[in-house]
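Enquirer: model the structure of this input:
(3 chains)
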Amino acid sequence: MPQYVQDRLNLYDAVLFLQGLGNTVALCLLGLGLGTLIALFVGLARASHFRWLAWPAGLYIEIIRDSPLLMQLYLVFFALPLLGLQVPIFAAGVATLMVNSSAFMAEIVRAGIQSVGKDQWDAARGLGMGYPQVMRWVVMPQAFRVMVPPGVGLLIGLIKDSSVISVISYLELTRVGQILTEKTFLSFQVFGIVAALYFVLCYPLSRLALVVERRLKVGG
Amino acid sequence: MYGYVFQFRPVFQELPLLLSGALVTIHISILTLFFSFIVGTMGALCRISRFRWLNGPAKWYVEFIRNTPLLVQLFFIYFGFSQINIEVSNYMAGLIGLVVNNGAYLTEIVRAGIEAIHKGQFEAGISLGLSFPQLMRYVVFPQAFRVIYPPLCNQFIGIILWSSLVSTIAVEDLALRGKELASTTFRSFETYAVVTLVYVVMTLTISGILKVLGQRFFRRPA
Amino acid sequence: MVRVKNIHKYFGPLHVLNDVSLDVSKGEVVVIIGPSGSGKSTLLRCLNYLEPVQAGEIWIDGIRLDHHKTNIRAVRAEVGIVFQSFNLFPHLTAIRNVMLAPRVVRKRPVAEVRQEALAMLTKVGLQDKIDAYPSQLSGGQQQRVAIARALAMQPKLMLFDEVTSALDPELVREVLDVMKQLARDGMTMIVVTHEMGFAQEVADRVIFMDEGRIVEEGTAAELFDRPRSQRTREFLGKIL
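Expert: Numbering: from 1, shown residues only, chains lettered A, B, ... in the order given. Okay, the predicted model is just below:
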């Protein structure tokens, strides 16, 4: 690094980068974990034969997929106080990513469930299993395989999208970039490092998704 | 929720302001689609090229853009320009950022379209004596476009939604107008609810129109 | 054991089962034959309530099959069904396929269930394939696992829906042998098949169905040698 960069970016800033990276990972894992929980129910409802279940689930998914994450963040951020909840900005960030990822994950769940053929339902019901048992023991284990590659894809998307949480001043990776840019005026270098850190997170994951997908195709 | 009364009237009174922002959103989205389609086509031609010096950089352009956030790319360009003392308008910086970003995604879409075309088509074209540009222009692209069209429409919807991020570098699009309105009316939740609704209506309408157009374009059987 | 009274079944405008009645007593082996689309597979699926009927009554072992969930579940656990396309669970090994239902439906302890599953797989001649996944087994082996899977629920009645139709000719015999043994052991069976040799050998009664109706029934000898109806004669003429 040239001397003038070293003068302005020091070891303390390196720690800040790592802190931002850690916070980004925490946001995404929590957001996706909780989102998947919701998605399980929404996806089941979406795949249901009952219209009164499938239709609201579809509407939920559609609205979230057709509106910007930034607006979802603002809505969650300003809705929580209206509900009488004074929560830290971290929680608002997680809640936003949770809601957002739940819609995309629900579609993945639905597609996974529907990839399991009617034959399997017949066989399982023919053995006397009820809906929850068929889901738990026969459909979900098979659907899960199909869900892994798009699920990893969703996680990559979420890591990138979580940069939006910087807008409410939560100290994740992008916010660290903003702070250090303001301090050092080295925007190319700072955002270059930020981008590289995101790349280090996302690139291995996207290779992983590719490998898993190929293996699934070979396995039939 | 105790005692909170929703008031949408102050928001609706300023609807023209929001709609002027929506126009900026549409405007920048269309320009983004146009320019990133050019970038994507060039990128795809590089990607399918046998030449390493074309193929390699195109590949890493795509990988790098697709594995980093749009917002960081926008900041990189916006603050970067000011660091090296080049003056560009916010709008221009936003547009460049969106084009650089979507160019990578379109590279992959166009490439998939070209690769979906049967090898025999290339051989037939070459055996007729078509040059590479002629082959692309008259044989490959007309067929590839049919494959490309649906993901292209999805991408356009994505562009509209993600263009909201240019509000963070002060481009006066729908999202920024919403933010202004929220701070003048003190009705943040209602404002963002309405703005979100405008986005949803906008994207649903446009994807509906694109679907109908698609059915018109491709009426002749595949 | 089974009593079917005047059932009707429609798929949209299609009248798939038209006033079908049937009684099967304990230990009886009934073979149903008929051209494709005659409703014989649908009849089997109705007996397990995989398809609802629009009119008529079905009684299995004294329980009326109707819209009551408990009845349906209880009956299904007592009635084993084997399908043309095997429908094994691809994510489970052979023995886990067999163990699944006794474990989660009957909620019995694993060790006990495993013992029995092993016995079932031995019975169908697959004791050395217990840890194979369905994709590693031949069609005939898969179908035998499917039979073992149904037997593991200790059903009082077994339904076989064209179980050899999807098999290569050289694999048909191993499956039929298992079924013959089962018949000798006294299992009540309803078998939809095109294997006339099997019908002649083990069926107590053969039923001919066409266009959603039971056209005629009798012992194998009666039906094959002295068919009464013109339609039966035509069908047998084509197939024998």
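Enquirer: when you work out contacts or count neighbours from here on, use the C-alpha atoms and nothing else.
Expert: OK.
Enquirer: show me the shaky parts of the chain.
Expert: Since no chain was named, I'll use chain A. Applying pLDDT under 70 to chain A flags residues A:1, A:6-7, A:218-220.
Enquirer: ah, I was thinking of chain C
Expert: C:67-70.
Enquirer: close to chain A: what parts of it are there?
Expert: Where chain C comes near chain A, counting by C-alpha under 8 Å from any C-alpha of the partner chain, the residues are C:48, C:50, C:73-77, C:79-83, C:85, C:87-91, C:100-101, C:104-105, C:150, C:153.
Enquirer: looking at those, which are in helices?
Expert: Among the residues of chain C next to chain A, DSSP state H puts C:73, C:74, C:75, C:76, C:77, C:100, C:101, C:104, C:150 in helices.
Enquirer: if I look at residue C:192, how far off is chain A?
Expert: 16 Å (C-alpha to the nearest C-alpha, to the nearest Å).
Enquirer: likewise residue B:12?
Expert: Distance from residue B:12 to chain A, by C-alpha to the nearest C-alpha: 17 Å.
Enquirer: tell me the SS of that residue?
Expert: What DSSP: H, G, I helix; E, B strand; the rest coil gives for residue B:12 is helix.
Enquirer: next up, identify which helix or strand residue 122 is on.
Expert: By default, I'm working from chain A. helix A:118-126 (DSSP states H and E).
Enquirer: could you do chain C instead?
Expert: helix C:110-123.
Enquirer: doesn't residue C:189 lie inside a strand?
Expert: Yes: with three-state DSSP as the criterion, residue C:189 is assigned to a strand.
Enquirer: stretch A:106-115: which residues count as buried?
Expert: Across stretch A:106-115, burial judged by 16 or more other C-alpha atoms under 10 Å in any protein chain shown covers A:106, A:107, A:108, A:109, A:110, A:111, A:112, A:113.
Enquirer: possible to save those as TSV with secondary structure and distance to residue B:193?
Expert: Formatted as TSV, the buried residues of stretch A:106-115 follow (DSSP: H, G, I helix; E, B strand; the rest coil; distance: C-alpha to C-alpha, whole Å):
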residue	secondary structure	distance to residue B:193
A:106	helix	23
A:107	helix	24
A:108	helix	27
A:109	helix	28
A:110	helix	28
A:111	helix	30
A:112	helix	32
A:113	helix	33
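Enquirer: show me what from chain B comes close to chain A.
Expert: Checking chain B against chain A by C-alpha under 8 Å from any C-alpha, the hits are B:1-2, B:4, B:63-64, B:67-73, B:75-76, B:79-80, B:83, B:157, B:161-162, B:164-165, B:168, B:175, B:188-189, B:192-193, B:195-197, B:199-200, B:203-204.
Enquirer: and chain C, which of those reach it?
Expert: Okay, of the residues of chain B next to chain A, nothing touches chain C (C-alpha under 8 Å from any C-alpha).
Enquirer: these, buried ones only, as a ChimeraX selection?
Expert: Listed next is the ChimeraX selection for buried residues among the residues of chain B next to chain A, using 16+ other C-alpha under 10 Å:
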select /B:63,64,67,68,69,70,71,72,73,75,76,79,80,157,161,162,164,165,168,175,188,189,192,193,195,196,197,199,200,203,204
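Enquirer: what separates the lengthiest helix in chain A from the chain centre, distance-wise?
Expert: Using DSSP H, we find that the single longest helix of chain A is helix A:11-46. Offset of helix A:11-46 from its chain centre (C-alpha atoms, centre = their mean, to the nearest Å): 7 Å.
Enquirer: so which bits of that helix are buried?
Expert: A:16-21, A:23-36, A:38-46.
Enquirer: which strands and helices lie in contact with that helix?
Expert: On a contact count with 3 or more C-alpha pairs under 8 Å, 6 or more residues apart in numbering or on different chains; DSSP states H and E, helix A:11-46 meets helix A:51-65, helix A:89-115, helix A:140-161, helix A:173-184.
Enquirer: between the last one and helix A:11-46, how big is the angle?
Expert: In other words, helix A:173-184. 150 degrees (axes from the mean of the first three to the mean of the last three C-alpha atoms, to 10 degrees).
Enquirer: which SSE is immediately downstream of helix A:173-184?
Expert: helix A:187-219.
Enquirer: run a quick neighbour tally on residue 204.
Expert: Unless you meant another one, I'm taking chain A. When neighbours are defined as other C-alpha atoms under 10 Å in any protein chain shown, residue A:204 has 13 of them.
Enquirer: wrong chain, I was asking about chain C
Expert: Neighbours of residue C:204 (other C-alpha under 10 Å): 16.
Enquirer: what does residue A:120 give?
Expert: Residue A:120 - counted by other C-alpha under 10 Å - has 18 other residues nearby.
Enquirer: tell me, what residue is most central in chain B?
Expert: residue B:159 (3.3 Å; C-alpha atoms, centre = their mean).
Enquirer: surely that residue and residue B:29 touch.
Expert: Yes: the criterion here is C-alpha atoms under 8 Å, and residue B:159 meets it with residue B:29 at 5.9 Å.
Enquirer: of all the ones in helices among the residues of chain C next to chain A, which two lie farthest apart?
Expert: Maximum pairwise distance in these, criterion C-alpha to C-alpha, is 17.7 Å, between C:75 and C:100.
Enquirer: for chain B, what's the longest helix?
Expert: Ranked by residue count, the top helix of chain B under DSSP H comes out as helix B:15-47.
Enquirer: counting contacts, what elements does it pack onto?
Expert: Identification of packing neighbours for helix B:15-47 by 3+ C-alpha pairs under 8 Å, 6+ apart yields helix B:52-66, helix B:90-115, helix B:141-162, helix B:174-185.
Enquirer: chain center to that helix, what's the gap?
Expert: So, by C-alpha atoms, centre = their mean, the centroid of helix B:15-47 is 5 Å from its chain's centroid.
Enquirer: for chain C, just list every one of the helices.
Expert: Using DSSP H, helices in chain C cover C:40-47, C:69-78, C:94-104, C:110-123, C:139-151, C:169-184, C:196-202, C:220-225, C:230-239.
Enquirer: for chain B, find the nearest of the ones you listed.
Expert: Proximity to chain B (C-alpha to the nearest C-alpha) singles out helix C:139-151 among the helices of chain C, at 35.2 Å.
Enquirer: can you state the direction angle for that closest one and helix C:94-104?
Expert: Using the same axes, to 10 degrees: helix C:139-151 against helix C:94-104 is 20 degrees.
Enquirer: interface residues of chain A facing chain B?
Expert: Checking chain A against chain B by C-alpha under 8 Å from any C-alpha, the hits are A:63, A:66-72, A:74-75, A:78-79, A:82-84, A:156, A:160-161, A:163-164, A:167, A:174, A:185-188, A:191-192, A:194-196, A:198-199, A:202-203.
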